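Student: With the sequence up front, the predicted model follows.
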Amino acid sequence: MHRLGCLARVAGVSGVISAASLLSHRQEQTRDSEEGRRQQMPWTLPQNRPLVTPVSASWVDNVSEEQEQEVGDTELEMMAESVAKPNELSKQQAQAEKLKGAINKARNLVWCKMYESGAPGMVVAVSVNGKTVWQHGFGYSDIENHLLTGTGCVMRIASISKTITMAVLAKLWQEGKVDLDKDISEYVPEFPRKTVDGRDVSITVRQLCCHMAGIRHYTRKGERDEDEFSLKEYFLKETFATTGDSLKLFQDDELLSAPGSEFHYTTHGYTLLAKIIENVTGEPFDKHMKKQFSVLGLNNTFLDEAEPIIYNRSRNYVRDKHHRLRNAPYVDNSYKWAGGGFLSTVGDLVKFGNAMLYSYQQKNVTSVNKEEQKPIEEPNSKTKIPEPTQSALPGPCPEQSETQTEKKKSEAVAKKVSFEESLEILNNVVADNAAVNVKDVVYQPGPLSSVNSDAKTEKKVRYLPGYLSSDTMTQLWTPQPGADLTWGGHDLTYGLGWAVRKRKKNYGYCMDQSHYVTHTGGAIGASSVLLVAPAPASAQTQPLDSAKLPQGVVVSVLCNLQEVGLNKLAADVAGVFQGLDLDKPARVHKVYQC
């Protein structure tokens, strides 16, 4: 009965009946097995000297009756949980199996890409709805010293630096300090004026952000387009002390086309954006970016400097014409901090991607100053002046203090008596009058009052504002006319600091092109990608106003070998993890690390 009572508190009558029948069935099986064992034994043992203990009863002989009772109670409680919430357990198991299957599939995709490209090391991180569900390092970060690639490995992120620079510039735009549609001469007056076909042209800040300004990349106008990584500017070894020194590399060169007419991907254009940020904020670009790394929580993101000691920094590799692995030559990326000069980890990149996704989906929260949260006094209310008490007067009189204490005691006794008399009067009134109208009764529910209530009260979640507003992020992730490009076989359109792939589905049971924003990177001895796939409207179980944010998949991949296309890999991995519902079953939130 004690065991059934334990179960009754959790599972109810139906659970007790099923558990009782299960226990009686187990007892009958135990008795039948013992009788059969005794019949099969050709001889009997003395009762005082047992030589062999039956296996089925060995654990019972070694515990006391109280311990046996506790073990039985524990079994009943476990059975009660399974009887009470079978659907919840099955959902958790299904989500866990689905997550394991997605991780295995993503791991196979990464291994295939490593074999295809011959990359020595690669590290991947995936988050679903803001929660990191998988991190893994593949291969070696340092082949000469036999160091494996860990999840905290720091690598060059190359052109993904443009997305971080764009976020910082958008913050200034949101604060009204920068206008994207103004001429750059208002922010960088020292930059030379440009002419195309004999007429003066103006370059706007927006055109710089979407690579429509006509500023060159690493090839000047009229030069033959060669292999990108064979160009001399990739292998600069001198340190550029200021952003102004970096502008001298290209500021006097001719524009490739009229601003706004053609798309020409350019890293030098983001160096000019760095100069705009520098002039607006009044501090050097590198120092300002280090402050913004701290604000964004990117604790493992750095400038690509050779002198500082950076833990877990990976070595960089290239392949020669015979496809042999070589150490990458030394380069100094100080001339392109904004467009391709940052170091980071996959963990920091996923955090940054979630910050942008959260800002994009958070539409109902505005920042509130602490002063505005204080209660405001009514204008008609007058400030009350505290009346002087006897204790506040100088030179207290002992006779007055004694009379006051006696008066307080008498008032306390009077209050006590009046309270008891009021109870007696109330009881008499209730006894005399059958119908009493009781008003102003305060109901205080007990700790177990919500056990039998069917209505589930949802906890209100207080959201913080994003780093950028939703309107600003919508502008960044809006494709700009004419800024078309192709990465990894996918047709994309460049927005402001990000490449955008639109949702496209024209026919039933035909091509279903998912929506995502991405940016790849290529540097000497490194390749990278950061992809953000917002949850489609059909996959959202709750409206964005009440759901947990962010909703979507963020994938980051870093590799210590140059010229490795990673955008298709990131898109395939994101497709594997899309559709996972990891909000409710907390035990499914696992992080796999090497």
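Tutor: Done, it's in.

Student: what are the ranges of the helices in this structure?
Tutor: Using DSSP state H, the helices of the chain run over 2-40, 58-61, 65-84, 86-117, 161-174, 205-209, 243-247, 268-281, 285-296, 337-340, 346-361, 398-432, 470-476, 567-577.

Student: which stretch in those is the model least sure about?
Tutor: Here these differ in mean pLDDT, and the lowest is helix 58-61 at a mean of 40.

Student: Scan this structure for its longest strand.
Tutor: Scanning the chain for the longest strand, with DSSP state E as the assignment, gives strand 131-142.

Student: Neighbouring strands - and their directions - for that strand?
Tutor: strand 121-128 (antiparallel), strand 147-148 (antiparallel) (DSSP bridges).

Student: which stretch among the ones you listed comes nearest N279?
Tutor: strand 121-128 (35.5 Å; C-beta to C-beta). Heads up, the C-betas are built off the backbone N, CA and C, glycines and all.

Student: Now do that closest one against helix 86-117, angle only.
Tutor: Here the directions of strand 121-128 and helix 86-117 differ by 150 degrees (axes from the mean of the first three to the mean of the last three C-alpha atoms, to 10 degrees).

Student: Output strand 121-128 as PDB, nothing but the C-alphas.
Tutor: Presented in PDB, the C-alpha positions along strand 121-128 are these (Å, rounded to 0.1, in the frame of the first residue of the first chain):
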ATOM      1  CA  GLY A 121      41.900  21.500 -40.900                       C
ATOM      2  CA  MET A 122      38.300  22.700 -40.600                       C
ATOM      3  CA  VAL A 123      36.100  23.800 -37.700                       C
ATOM      4  CA  VAL A 124      32.200  24.000 -37.800                       C
ATOM      5  CA  ALA A 125      29.600  25.500 -35.500                       C
ATOM      6  CA  VAL A 126      25.800  25.300 -35.800                       C
ATOM      7  CA  SER A 127      23.100  27.000 -33.800                       C
ATOM      8  CA  VAL A 128      19.400  26.500 -34.000                       C
END
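
Student: Quick one: neighbours of D142, just the number.
Tutor: Neighbours of D142 under the rule other C-beta atoms under 10 Å: 17.

Student: how close does it sit to L148?
Tutor: 9 Å (C-beta to C-beta, to the nearest Å).

Student: Repeat that for A526.
Tutor: Here A526 is placed at a distance of 18 Å from L148 (C-beta to C-beta).

Student: who has more neighbours, the two?
Tutor: Comparing A526 with L148 by other C-beta under 10 Å, the one with more neighbours is A526, at 26 against 13.

Student: follow-up on the earlier one: so which of the strands paired with strand 131-142 gets nearest Q93?
Tutor: strand 121-128 (17.8 Å).

Student: what number of residues lie near the residue nearest to L272 when sequence neighbours are not counted?
Tutor: Spatial nearest neighbour of L272, excluding adjacent residues (C-beta to C-beta, 6 or more residues apart in numbering): L208 at 5.9 Å. The local packing of L208 (other C-beta under 10 Å) involves 24 other residues.

Student: Contact partners for L208?
Tutor: Neighbouring residues of L208 by C-beta atoms under 8 Å, 6 or more residues apart in numbering: 184, 215, 269-270, 272-273.

Student: Can you give me the distance of it to G214?
Tutor: 10 Å.

Student: Check F235 too.
Tutor: F235 is 25 Å from G214, where distance means C-beta to C-beta.

Student: between those two, which one's more packed in?
Tutor: Neighbour tally, F235 and G214, criterion other C-beta under 10 Å: the higher count belongs to G214, 24 against 13.

Student: What count of nearby residues applies to the closest residue to the more buried one other than its chain neighbours?
Tutor: Leaving out its chain neighbours, the residue that sits closest to G214 by C-beta to C-beta, 6+ apart is L255, at 3.8 Å. Using other C-beta under 10 Å, L255 has 18 neighbouring residues.

Student: again, but for S359
Tutor: When neighbours are defined as other C-beta under 10 Å, S359 has 24 of them.

Student: what residues are up against the spatially closest residue to it that is not a sequence neighbour?
Tutor: Leaving aside its chain neighbours, S359 sits nearest to G466 (3.0 Å; criterion: C-beta to C-beta, 6+ apart). Contact analysis of G466 by C-beta under 8 Å, 6+ apart lists 355, 358-360, 362, 365, 473.

Student: and which of those residues is nearest N560?
Tutor: Ranked by distance to N560 (C-beta to C-beta), the contacts of G466 are led by A355 at 25.5 Å.

Student: which residues of the stretch 451-594 of the chain score low on pLDDT?
Tutor: Applying pLDDT under 70 to the stretch 451-594 of the chain flags the ranges 451-461, 538-547, 582-594.

Student: one more time with 50
Tutor: The stretch 451-594 of the chain contains residues with pLDDT under 50 at 546, 584-594.

Student: Please enumerate the strands of it.
Tutor: For the stretch 451-594 of the chain, the strands defined by DSSP state E, counting those that start in this stretch occupy 484-487, 490-494, 499-501, 516-523, 526-534, 552-559.

Student: Of those strands, which is nearest R462?
Tutor: Smallest distance to R462 across these (C-beta to C-beta): 21.3 Å, for strand 552-559.

Student: Please look at P329 and F235 and confirm they touch.
Tutor: Yes. Counting by C-beta atoms under 8 Å, F235 is a contact partner of P329 at 6.3 Å.

Student: what is in contact with the two at once?
Tutor: Common neighbours of P329 and F235 are listed as I524 (criterion: C-beta under 8 Å, 6+ apart).

Student: which among the contacts of G466 gets closest to G130?
Tutor: Nearest to G130 out of the contacts of G466 is Y358 (C-beta to C-beta; 7.1 Å).

Student: Name the nearest residue to that closest one, sequence neighbours excluded.
Tutor: P550 (4.4 Å).
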